Each structure stands twice: as structure tokens, then as C-alpha cells.
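1. Could you look at this predicted model? Sequence included:
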Amino acid sequence: MSSAVGLSDLRREIEHHLPTSDWRFQGVVRLTRVGTAFVLFTIVIGFAAINTGNNSLYIGLAFMLGALLLSGVASQRGLRGLRVEFDSLYEAWAGRPATGRLRVANRSRIWNVRDVILTSDELAEPFFIPLIERRREIVIEASFFFARRGIVQLKTVDLYTRYPFGFFLKKRRVRISGEVVVYPRLLTDEAGRERFRAIEGEQHSVNRTGAGTEIHSFRDYVRGDSLRQVYWKKSASLGRWIMKQTELESGRAVHVVVDPFKPRGVPDDEFETMISQAATFIRDTLDRELEVIFSMPRLTLRARDQQQAAAMYRALALVEPSYEAVVQTIDRNAVLFAMRASDAA
């Protein structure tokens with residue numbers, strides 16, 4: 001069977017037989033066109049052998065029945081020996097394909113398995129494996145797709161094959177164990193980015209070297225801050241460390257505040273849009289080589305590049321709407337993302 005033709009036909013057949021909810025299901029999904037023709041031809045040969053008593057026809061019938069039996073046994077035993085494990089996934093954003101790795105092992109001592117298709121609700125498209133040799137393991141890079149942010153548990157993968165003769169399309173559902181943190185959906189439309197243009201002014205508002213002497217504002221302590229910038233008097237009155245922010249620092253840093261409060265009656269989609277706006281804003285700000293100070297209730301983070309911002313994206317991925325207002329310290333020039341106030345404080 002040609003790999004290109006076989007893959008195309010197999011994908012079309014799988015589209016009509018999506019995974020069922022019962023993970024234990026395994027067996028024949030359907031006869032293929034080749035299998036249907038072979039079975040019909042076998043029946044014809046069988047009637048001819050009975051009516052004529054021709055030994056050659058009986059030999060041919062036995063051979064064809066043996067081929068059907070071998071096809072069923074080989075495909076069933078081959079799929080039974082396959083094991084799939086989730087290996088890794090670098091970075092996953094809602095609504096965007098993400099490349100991850102799966103380990104597929106053939107633990108059978110007898111059967112090489114060919115033309116295997118992997119499908120799953122979390123895979124962007126079926127993945128074709130031309131050959132898995134017995135007692136071998138391969139690592140494949142597959143494209144994943146997640147519709148919403150948050151923690152996604154990978155539980156099952158469906159395996160389809162027409163091995164060895166293409167008579168039957170067979171399926172087996174296997175368990176896998178994996179957990180993926182999916183970051184919020186990034187905005188792509190220009191209308192959603194209008195609010196980000198204000199950063200350009202922040203980028204060029206201060207154009208001098210040095211630590212800066214004029215106090216611009218105050219903010220909460222972030223890991224990595226120098227204790228020389230602690231404003232001790234205000235820290236003592238509030239019971240937590242408060243940092244002095246100079247004019248120079250404010251010129252190259254953007255303070256982003258996310259308020260997870262969601263008033264009653266506000267649709268969930270509006271809250272998700274607000275989280276997406278915050279994630280897109282942070283990503284665009286870091287792409288402009290500005291520093292981001294990120295604040296949420298009981299959480300303050302700082303990042304200078306996309307790698308350091310992973311903790312911010314993770315916090316946005318896991319945040320749940322709060323139905324009780326929480327007081328936060330907000331800098332006068334902070335960019336506020338909230339459901340109850342204007343976009344900027």
C-alpha cells in the first residue's frame with residue numbers, strides 16, 4: 001500500500017469514525033473497500049467450491065479465509081503491543097497550534113506495525129506513523145491544539161491501522177498521562193491592540209543615564225529588587241516592603257495590574273477577553289524590550305524577556321474570576337485590566 005495514498009484514504013475513513021467516549025472500545029471499526037471486495041470474492045469462491053466440489057477452489061477458499069484470519073490477528077496483536085506516553089510540550093497558547101512530543105513504543109516481540117494513525121481531542125490533526133518495529137520506541141513531534149486556557153489533562157489517544165493487508169480498519173484507545181498549562185489566547189486583530197500604542201511614549205519618555213534621583217511613584221517589592229530602594233517609612237506603616245520607583249526606572253518599566261474581580265451578570269467571554277488582552281499586552285511590551293512588573297492579588301512578578309515572563313503567563317492561565325473585590329496597590333501610571341474600571345489607572 002502506497003504511503004501517500006494509504007494515509008489519505010485512512011484519514012478520510014477516520015473522519016467518519018471519531019473517538020467514542022468508551023476508552024475500552026477496541027476492535028474492527030469497519031471493512032475497507034479492499035476488505036469488502038475481498039470478503040465478497042471469498043463468498044463467491046466458497047459457493048463455487050461447494051457447488052462444483054473442485055479441490056482447487058477449496059484450496060483457494062482456505063487461503064482466502066486464512067488471509068482474513070491473519071489480518072485480524074496481526075492488527076489486533078500489533079495494536080495491543082503499542083504504548084503511548086506524553087513526553088513534553090514547550091509552550092501552549094489557546095487557539096494556536098503547539099508542538100509537543102509523544103513516545104510510542106512497540107512492545108510486541110513478533111509484530112512490526114505499519115501505517116498507524118494517532119488521533120486525540122488535543123491533537124490538531126491525525127499523525128501518521130509508517131512503521132514501528134517490534135521492541136522499538138520512537139519519539140514523534142505532533143501538533144497539539146487547545147481551545148481554552150487553563151490546565152488540560154491528556155488522558156487518551158486513539159490508534160487506527162489497516163495493517164497488514166488493508167482489509168479492516170481497526171482501532172484501539174490507550175491511556176496516557178500528561179498535564180499541560182495552556183496560556184491565554186493572544187489577540188491578533190488590530191482593534192484589540194489600540195490600547196498598546198501608549199507604550200511607545202513610555203519607551204522614550206526618559207532619555208538619560210544614571211539611577212535617577214526624582215521619585216516617580218511607589219510599588220510593592222519584587223524579588224530581585226535592591227533593598228537600597230526600600231521606602232522604609234511607608235513599608236513600616238503598611239507592614240510590607242514598598243519600593244521607591246525613580247523617573248528613569250518608570251521610563252523603561254511598565255506596571256501591569258490585573259484585577260480578577262468579575263461582577264455578577266458579566267459574561268464569562270468578557271472575562272476571558274480581558275485575560276487575553278493582559279497576556280497580549282505583556283507579550284508586546286517585552287517584544288519592545290521594556291521591563292514588565294506584573295501584579296495580581298497576593299502576587300507580584302517582574303520580567304525582562306519572554307522566558308522570564310512564563311510565570312506571568314502561567315498565572316494568567318490559571319486565574320479564576322473572583323466575585324469579591326480585593327484591594328490592590330496600583331501605581332498611578334499602571335496599566336489596569338479590570339471588569340469594573342477603565343483600562344488605565
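-> Here it is on my side, so go on. Residues are numbered from 1 along each chain as shown.
2. Could you report the neighbour count for Gly66?
-> Gly66 has 10 neighbours, counted by other CB atoms under 10 Å. C-beta: built from backbone N, CA, C; applies to glycine.
3. Three-state assignment for it, please.
-> helix (DSSP: H, G, I helix; E, B strand; the rest coil).
4. now swap in the one 5 residues further on and tell me
-> In three-state terms, and counting by three-state DSSP, Ser71 is helix.
5. Can you give me every residue that contacts it?
-> Going by CB atoms under 8 Å, 6 or more residues apart in numbering, Ser71 touches Gly35, Pro164, Phe165, Phe167, Phe168.
6. Against Phe146, how distant is the nearest residue to the fourth one once chain neighbours are set aside?
-> It refers to Phe167. The shortest distance from Phe167 to any non-neighbouring residue, by CB to CB, 6 or more residues apart in numbering, is to Gly35 (3.4 Å). Applying CB to CB, to the nearest Å, the value for Gly35 to Phe146 is 36 Å.
7. So between the two, which is more surrounded?
-> Phe146 (23 against 19).
8. surely that one meets Tyr183?
-> No: contact criterion CB atoms under 8 Å: Phe146 and Tyr183 do not qualify, at 9.2 Å.
9. which residues do these two both contact?
-> Shared contacts of Phe146 and Tyr183 (CB under 8 Å, 6+ apart): Ala92, Trp93, Ala94.
10. burial measure for the nearest residue to the first one once chain neighbours are set aside, as a count.
-> Same thing as Ala92. Spatially, and ignoring its direct neighbours in sequence, Ala92 is nearest to Ala98 (4.1 Å; CB to CB, 6+ apart). Other residues within reach of Ala98, judged by other CB under 10 Å, total 20.
11. cool, and Asp121?
-> 15.
12. can you map out the helices along the stretch 51-200 of the chain?
-> 55-80, 198-203 (DSSP state H, counting those that start in this stretch).
13. Any idea which of the ones you listed has the lowest pLDDT on average?
-> Ranked by mean pLDDT, those bottom out at helix 198-203, with a mean of 39.
14. next one: the longest strand that the chain contains to chain centre, how far?
-> What stands out as the longest strand in the chain, according to DSSP state E, is strand 168-183. Put simply, strand 168-183 sits 13 Å off its chain's centre (CA atoms, centre = their mean, to the nearest Å).
15. what does stretch 136-149 give?
-> The gap between where stretch 136-149 is centred and where its chain is centred comes out at 8 Å by CA atoms, centre = their mean.
16. can you check stretch 258-274 too?
-> For stretch 258-274, the separation from the chain centroid amounts to 23 Å (computed by CA atoms, centre = their mean).
17. again, but for stretch 178-192
-> That offset, for stretch 178-192, works out to 10 Å (CA atoms, centre = their mean).
18. Extract the CA atoms of that stretch and return them as CSV.
-> What follows is stretch 178-192, C-alpha atoms only, in CSV (Å, rounded to 0.1, in the frame of the first residue of the first chain):
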residue,chain,number,x,y,z
GLY,A,178,0.1,14.2,30.9
GLU,A,179,-0.7,17.8,32.1
VAL,A,180,-0.3,20.9,30.1
VAL,A,181,-0.8,24.5,31.2
VAL,A,182,-2.4,26.4,28.3
TYR,A,183,-1.6,30.1,28.2
PRO,A,184,-4.4,32.6,27.4
ARG,A,185,-5.5,33.3,23.8
LEU,A,186,-3.4,36.1,22.2
LEU,A,187,-5.2,38.8,20.3
THR,A,188,-4.5,39.1,16.6
ASP,A,189,-6.8,41.9,15.5
GLU,A,190,-5.6,45.4,15.3
ALA,A,191,-8.6,46.8,17.0
GLY,A,192,-7.7,44.9,20.2
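19. Quick one: low-confidence residue ranges for the stretch 201-345 of the chain.
-> Flagging of the stretch 201-345 of the chain using pLDDT under 70 yields the residue ranges 201-235, 238, 241, 243-251, 340-345.
20. all helices of it, in order?
-> 232-238, 247-252, 268-287, 310-318.
21. so which of those gets nearest Ser56?
-> Proximity to Ser56, assessed across the helices of the stretch 201-345 of the chain by CB to CB, is greatest for helix 310-318 (68.7 Å).
22. Packing partners of that closest one?
-> Counting contacts by 3 or more CB pairs under 8 Å, 6 or more residues apart in numbering; DSSP states H and E, helix 310-318 is packed against strand 150-161, strand 168-183, helix 268-287, strand 291-296, strand 299-303.
23. Format these as JSON lines; extra columns: mean neighbour count.
-> As requested, these are exported to JSON lines (neighbours: other CB atoms under 10 Å):
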{"stretch": "strand 150-161", "mean neighbour count": "19"}
{"stretch": "strand 168-183", "mean neighbour count": "19"}
{"stretch": "helix 268-287", "mean neighbour count": "19"}
{"stretch": "strand 291-296", "mean neighbour count": "21"}
{"stretch": "strand 299-303", "mean neighbour count": "18"}
